[in-house]
Each structure stands twice: as C-alpha cells, then as structure tokens.
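Student: show me how the following folds:
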Amino acid sequence: MHHSIEIEGLSYSYPDGHPALRGVSLHIQPGEKVALVGPNGAGKSTLLLHLVGILRGQGQVRVCGLEVGDGNLGRIRAMVGLVFQSPEDQLFSPTVYDDVSYGPLYQGLPEAEVQARVDAALAAVHMHGYARRVSHHLSLGEKKRIAIATVLSMQPEVLVLDEPTSGLDPRARRTLINLLRELPLTMLASTHDMRMVQELFPRMVILDEGQVVADGPTRSLLEDIGLLEAHGLERP
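Tutor: I've put the predicted structure just below:
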C-alpha cells in the first residue's frame, strides 16, 4: 500500500536565495491526521504548496504513489484537496453552487454526477441549503466551510489545510473542528491553533527554519515544554 504523502529530502529556496525548506522528509499513511506546526516563516505553507506542484523544489514528492510532476498534475490536484488560509483565494464564482461545482465541471463529468457531488460536498460541511447563496455574502466561518466543499466535490484522498481556524470566532471554530473530525480523509494541516492540534490530530510534526525538528505523537510532544519553547510554540 502506498503512503498518502511521501516526501524525501525536499529542499526549496525562494528566488532571492533564502532557503525555505532544507532536506525535509515526511511520510503520512492513509487515514492519518497530522498537524504541521512551527513559527511563522518555518516553511509550513511552502511545504503544502509542493504537494500540488504549485512550488517545485529539489527532492522527491509523491502523493498516493504518484510523483508530483508535469505529467500528472491534473490527477494529483484531484487527489489532494488544498484549502488555502483565505477562502477568498478559493471562492470566485457568483454562487456557492458555481464554486463547488467548478472542479467536477472542469473534469468534464456529466451534469447529474456534478449535481450529486455538489450535494454530497455541501452536506459534508453542513451547508446543504446554501447552493444558491452568494459566496461573498457569507460569514468567514461559512466561507471556510464552502472552500472545503470546493475540494471535497473532487472526491480527494488527501485534505491539506493551511491555517484552517485562523480568524474564526469560537462558534465557527468549533463547527469547523467538528466537521474536520467527521471527514474520513488523510489530513495534513498547518496551524498555530495548538488546542485544535491537541484535540484533532494524533500526530504532530514541528517544522522550524525549513527543517523537521520533531515528529511524533501529539500527546507526548505537547508535554515537552522545552521543545515547544525552543520552537516558538505554546502548550495549549
């Protein structure tokens, strides 16, 4: 069986020469829920963008057994649902239905299948009655859920989230955490929300200055106060 995510010796430098990732290796099994934590500028978002080929560094990145490369980016982007930190980067259509149906339509699926996928994706994020709503009139929490629905409609095997709870009020945050818990997908989330990590992600990877400095069970890593402090993290 393939790993869902397989990264070997990944290095990447920004155009100005500043190294963002330095020899990162990471393996995630199907069904695992993994949190990626670390200070700002650690390379977390840069790492996530390599999983769908938006950025390309040196090293090997494989998703569901496929090498991330020019020949199969379409397949990889269908298998890896990347949810950006700002839903504004994902929602650009007149209605919620148009946003959620975009991927399946782009894949050329028949109309009945597109409709079924939109219904299922909206149901999965508890937004069933929202298909005809105007996306930019929704609250931030609702927009985040619709952004997740736009990738769920592609029926991905892996869900990758960048700061999923940032900017949310307590109720919207709680709704989102409960929703993520229900989704039966391999999950990798970059986050500063250590309470969410404690509650939702059994495994935690600490990234600092472009390197994996710790990778293990969340419970035991959160008990290592010295480790957390050394990398700008606070125990929840």
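Student: just the CA trace of the least confident helix or strand in the chain by mean pLDDT, in CSV.
Tutor: Within the chain, confidence by mean pLDDT, DSSP states H and E is lowest for helix 73-79 among all helices and strands, at a mean of 89. What follows is helix 73-79, C-alpha atoms only, in CSV (Å, rounded to 0.1, in the frame of the first residue of the first chain):
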residue,chain,number,x,y,z
LEU,A,73,-0.6,17.4,-12.0
GLY,A,74,-4.2,17.2,-13.0
ARG,A,75,-4.6,13.8,-11.3
ILE,A,76,-2.7,14.9,-8.3
ARG,A,77,-4.8,18.1,-7.8
ALA,A,78,-7.9,15.9,-7.9
MET,A,79,-6.5,13.6,-5.3
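Student: and the next element down the chain from that helix?
Tutor: Tracing the chain past helix 73-79, the next element assigned as helix or strand by DSSP states H and E is strand 80-83.
Student: direction included, what does that next one pair up with?
Tutor: strand 158-162 (parallel) (DSSP bridges).
Student: before we move on, back to that, buried residues of the least confident helix or strand of the chain, list them for me.
Tutor: For helix 73-79, the buried set under the neighbour-count rule, 16 or more other C-beta atoms under 10 Å, comprises I76, R77, A78, M79. The way it works is simple: take the backbone N, C-alpha and C, and place the C-beta from them, glycine included.
Student: what stretches of the protein score poorly on pLDDT?
Tutor: The chain contains residues with pLDDT under 70 at 1.
Student: now name the helix or strand holding G141.
Tutor: Under the assignment given by DSSP H and E, the secondary-structure element containing G141 is helix 140-152.
Student: now for that helix, which elements pack on it?
Tutor: Helix 140-152 is packed against strand 80-83, helix 96-106, helix 111-124, strand 158-162, helix 170-182, with contacts defined by 3 or more C-beta pairs under 8 Å, 6 or more residues apart in numbering; DSSP states H and E.
Student: and the angle from the longest one to helix 140-152?
Tutor: To tie it back to what came earlier, the one meant is helix 111-124. Between the direction of helix 111-124 and that of helix 140-152, the angle (axes from the mean of the first three to the mean of the last three C-alpha atoms, to 10 degrees) works out to 140 degrees.
Student: from the buried residues of helix 73-79, pick the one nearest E199.
Tutor: Distances from E199 to these, taken as C-beta to C-beta, are shortest for M79 (26.6 Å).
Student: surely H27 is in contact with H3?
Tutor: Yes - the criterion here is C-beta atoms under 8 Å, and H27 meets it with H3 at 5.0 Å.
Student: near I225, how many other residues are there?
Tutor: Other residues within reach of I225 by the criterion other C-beta atoms under 10 Å amount to 11.
Student: oh, I was asking about G65
Tutor: Applying other C-beta under 10 Å, I find that G65 has 11 neighbouring residues.
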